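Asks: below are the sequence and a predicted model for it; my questions follow.
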Amino acid sequence: MPKPITILRVAIFLAALVPAALLVRGFYTNDLTANPGDYITDQTGTWILGTLFASLCITPLRKLTGWNELIKLRRMLGLFAFFYAVLHLLTWIVFVHYFEVSFMIADVVKRPFITVGMTVFVILSALAITSNRWSLRKLGRKWQSLHRLVYAAAVGGVIHFWWLVKADITLPRRWAVALTVLLGLRVWWWYQKRVAAPAAARPAVTSSRT
Amino acid sequence: MLIKKASDIRSSEITPKSVYLKRREFIQAGSAALAGAGVAAAGWNAWGGDALAQGGGLPKLPNVKKSPLSTTEAPSSYDNITSYNNFYEFAPGAGDGPKKNSGKFKATPWSIEVDGLCNKPGKYNLEDFIKPFALEERIYRFRCVEAWSFVIPWVGIPLSEFIKRAEPQGKAQFIEMTTLVDPGRFPMQRTDLLEWPYKEGLRLDEANHPLTILAVGLYGEVLPAQNGAPIRLVVPWKYGFKGVKSIVKIRFVEKQPINTWQAMARNEYGFYANVNPTVDHPRWSQAREKRLPSFIANHRTEMFNGYADQVQSLYAGMDLRRNF
């Protein structure tokens, strides 16, 4: 019997491939609407956020459950976010601009939501490239600083989505709420460790003076 | 390069069949490169038989005249026109939400109120409203502000004919039209997605232009719910959102109305909304469009959606960058 974490890993790996598989199936069954380029762009964009946010859930889940092996899922989820980001970028290059570099540059310069999206892609690329053991060893303490950029990527992803919708902010608002919870937890823990914990120790010192 | 060839075709010209087929070949080739050659072609052959479908089995409209104002371009398929369009009262986004959520919509009975600055105000049921006019088929290019387009065989009546009968007074400068409010039939009206009711307006000279119609049909049949049943505005040289759907009220007014999308985001959507490839939407270019179905932008967008010869005199001396 494989270990529970191994089973979970395989299950999540397969689950994370389902959105891509549905797009491939939709292509053959003609279920991607009359405007398939836009549809694929929307779907891949959604799953960048889906997998990226799942990776941000790992640390809170570890703390809540005490199941430390969950860390073994984090890199995989992050790499899936990069996988969907590559597909998402490709839809923009091929379907939106059809490889016309001047149009792409103009888009990045002129349109803030594209600028932000492209920045997120650069961050995700850097994190994906340095996600292996060798980079971890080589970068040492810098590795963690670099990988904290994942928070910037998540914030940028939600801003990108918020700025591109025409009227219906229902979906971007949901991601913003999730982001607030996930980042809020980190801020809370940081506060506990750096501010509340030393402060709790301090009265002992002052009381010894009186 | 083949793509250049495809986008160089002016949409106001007849697209020869050989070129049309070549364009499909190109799209097939492009998608094959993405998804793996042989199987991709099989997938595209299954594509919803465009330009072959001729209606959706709804009641046929009688005595429809052809019109010299129709384009000679091949109409888009009924299936595509009715499954990819915006109608925020049913669903946000074009996808197939409007089609799915409009299944229970009933357009009968329907009445239209005419009021404001005119000598013949009144309330009519739809049949009486339409009866005095001859129905015409108008095959028009349809350009959405979201940079996709169709060629649509509408059936309708010239708006000018109706205006003549309503006898607008001298002070009337604009016409305003309003969509039905009924959350029972329009589920999204339970939310604050847009400001309800949806409103649109035209300058009276735009409304009187021979190209402007009130459409009651599509492909010779009554309009399906998701395309604005039972009666909607069609102004082919303007972006699609000007075409207010499911109209229950027509008013003649003195002041320029504030249309819904202008109220929602005035930096992105104006009153005029004339199709203009040189004035970009803040979030995307309007220089090109996807003539659906297509993965990519396969058409260059034309000034006034290719109707410049007929309509540009309406805007002589106007700064169209400011009055977008």
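Replies: Ah, there it is. Residues are numbered from 1 along each chain as shown, chains lettered A, B, ... in the order given.

Asks: quick check: phi and psi at B:Leu233.
Replies: phi -90, psi 140 (degrees, to the nearest 10).

Asks: residue contacts, the residue nearest the centre of chain B?
Replies: Nearest to the centroid of the C-alpha atoms of chain B, with distances taken as Cα atoms, centre = their mean, sits B:Gly240, at 4.3 Å. For B:Gly240, the set of contacting residues under the criterion of Cβ atoms under 8 Å, 6 or more residues apart in numbering or on different chains consists of B:85-86, B:142-145. For the C-beta atoms, the positions are set from N, CA and C on the backbone; glycine is no exception.

Asks: just the pLDDT at residue 146, thanks.
Replies: In the absence of a named chain, this looks at chain A. pLDDT, the model's per-residue confidence, is 97 for A:Leu146.

Asks: you answered for a different chain; I wanted chain B.
Replies: Note on B:Glu146: pLDDT of 95.

Asks: with adjacent residues omitted, what lies nearest to it?
Replies: The spatial neighbour of B:Glu146 that comes closest, neighbours along the chain excluded (Cβ to Cβ, 6 or more residues apart in numbering or on different chains), is B:Ala94 at 7.0 Å.

Asks: can you list the residue ranges for strands in the stretch 51-200 of chain B?
Replies: Assignment of strands within the stretch 51-200 of chain B using DSSP state E, counting those that start in this stretch yields the ranges B:111-116, B:122-125, B:136-143, B:148-158, B:174-179, B:199-203.

Asks: worst-scoring helix or strand of chain A, pLDDT-wise?
Replies: Ranking every helix and strand in chain A by mean pLDDT, DSSP states H and E puts helix A:197-209 at the bottom, with a mean of 60.

Asks: gap between stretch A:187-200 and the chain center?
Replies: Stretch A:187-200 has its average C-alpha position 26 Å from the chain's average C-alpha position, going by Cα atoms, centre = their mean, to the nearest Å.

Asks: check stretch B:266-278 too.
Replies: The chain centre lies 15 Å from the centre of stretch B:266-278; the measure is Cα atoms, centre = their mean.

Asks: rounded mean pLDDT for it, please.
Replies: 96.

Asks: pull the CA atoms of that stretch into PDB?
Replies: Listed in PDB are the C-alpha atoms of stretch B:266-278, where the atom choice follows Å, rounded to 0.1, in the frame of the first residue of the first chain:
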ATOM      1  CA  ARG B 266     -17.900  56.200 -19.300                       C
ATOM      2  CA  ASN B 267     -14.200  56.000 -20.100                       C
ATOM      3  CA  GLU B 268     -14.700  52.800 -22.000                       C
ATOM      4  CA  TYR B 269     -18.100  53.200 -23.700                       C
ATOM      5  CA  GLY B 270     -19.600  56.400 -25.200                       C
ATOM      6  CA  PHE B 271     -22.900  57.500 -26.500                       C
ATOM      7  CA  TYR B 272     -22.000  57.200 -30.200                       C
ATOM      8  CA  ALA B 273     -20.200  53.800 -30.200                       C
ATOM      9  CA  ASN B 274     -19.500  54.000 -33.900                       C
ATOM     10  CA  VAL B 275     -17.300  51.200 -35.100                       C
ATOM     11  CA  ASN B 276     -13.900  52.800 -35.400                       C
ATOM     12  CA  PRO B 277     -10.600  50.800 -35.900                       C
ATOM     13  CA  THR B 278      -8.500  53.900 -35.000                       C
END
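
Asks: show me what that stretch is in contact with.
Replies: By Cβ under 8 Å, 6+ apart, the surrounding residues in contact with stretch B:266-278 are B:143, B:145, B:201, B:237-239, B:241-242, B:256-259, B:261-262, B:281-283, B:286-288, B:300-305, B:315, B:320-321, B:323-324.

Asks: mind listing what's buried in that stretch?
Replies: Judged by neighbour count using 16 or more other Cβ atoms under 10 Å in any protein chain shown, the buried positions of stretch B:266-278 are B:269-277.

Asks: of all pairs in these, which one is the farthest apart?
Replies: Across these, no pair lies farther apart than B:Phe271 and B:Pro277, at 19.2 Å, counting by Cβ to Cβ.

Asks: ok, now which ones touch the residue nearest to B:Glu146?
Replies: For B:Ala94, the residues meeting the contact criterion (Cβ under 8 Å, 6+ apart) are A:33, A:35, A:38, B:84-86, B:144, B:146, B:148.

Asks: neighbour-wise, give me the winner out of those residues.
Replies: Counting neighbours by other Cβ atoms under 10 Å in any protein chain shown, B:Asn85 comes out on top of those with 27 neighbours.

Asks: tell me where the model's unsure across chain A.
Replies: Across chain A, residues meeting the criterion (pLDDT under 70) sit at A:202-210.

Asks: what does the stretch 51-200 of chain B put close to chain A?
Replies: Remark: the part of the stretch 51-200 of chain B in contact with chain A comprises B:80, B:83-84, B:88, B:92-96, B:146, B:148, B:193-194, using Cβ under 8 Å from any Cβ of the partner chain.

Asks: where does B:Gln54 land on pLDDT?
Replies: According to the per-residue confidence, B:Gln54 scores 72 in pLDDT.

Asks: now do B:Leu117
Replies: In the predicted model, B:Leu117 carries a pLDDT score of 98.

Asks: which positions in chain A make contact with chain B?
Replies: Proximity of chain A to chain B, by Cβ under 8 Å from any Cβ, involves residues A:24, A:27-30, A:33-39, A:94-96, A:98, A:103, A:106-107, A:110-111, A:113, A:163-164, A:166-168, A:170.

Asks: selection in ChimeraX covering whichever of those are buried, please.
Replies: Buried members of the residues of chain A next to chain B, identified by 16+ other Cβ under 10 Å, are gathered into one ChimeraX selection as follows:
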select /A:27,30,33,34,35,36,37,38,39,94,95,96,98,103,107,111,113,163,164,166,168
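
Asks: list the buried residues for whatever helix or strand A:Leu64 lives in?
Replies: When elements are assigned from DSSP states H and E, A:Leu64 belongs to helix A:36-65. Burial within helix A:36-65, assessed by neighbour count using 16+ other Cβ under 10 Å, is assigned to A:36-59, A:62.

Asks: and stretch B:290-301, by the same measure?
Replies: Under 16+ other Cβ under 10 Å, the buried positions of stretch B:290-301 are B:290-299, B:301.

Asks: say whether chain A is contacted by that stretch.
Replies: Yes. Legend: contact between stretch B:290-301 and chain A by Cβ under 8 Å from any Cβ is shown at B:290, B:292-297.

Asks: which ones are touching residue 111?
Replies: Just going to use chain A. Shown here is A:Arg111, whose contacts under the criterion Cβ under 8 Å, 6+ apart are B:282-284.

Asks: let me rephrase: I mean chain B.
Replies: Shown in contact with B:Ser111 (Cβ under 8 Å, 6+ apart): B:123-126, B:248.

Asks: tell me the one among these nearest to chain A.
Replies: Of all these, the one with the least separation from chain A (Cβ to the nearest Cβ) is B:Val248, at 22.0 Å.

Asks: and that closest one, what element?
Replies: strand B:247-253.

Asks: distance between that strand and the chain's centre?
Replies: 18 Å.

Asks: that strand - contacts with which helices or strands?
Replies: Counting by 3 or more Cβ pairs under 8 Å, 6 or more residues apart in numbering or on different chains; DSSP states H and E, the packing neighbours recorded for strand B:247-253 are strand B:111-116, helix B:159-166, strand B:174-179.

Asks: and that strand with strand B:174-179, angle?
Replies: For the pair strand B:247-253 and strand B:174-179, the angle between their directions (axes from the mean of the first three to the mean of the last three Cα atoms, to 10 degrees) equals 160 degrees.
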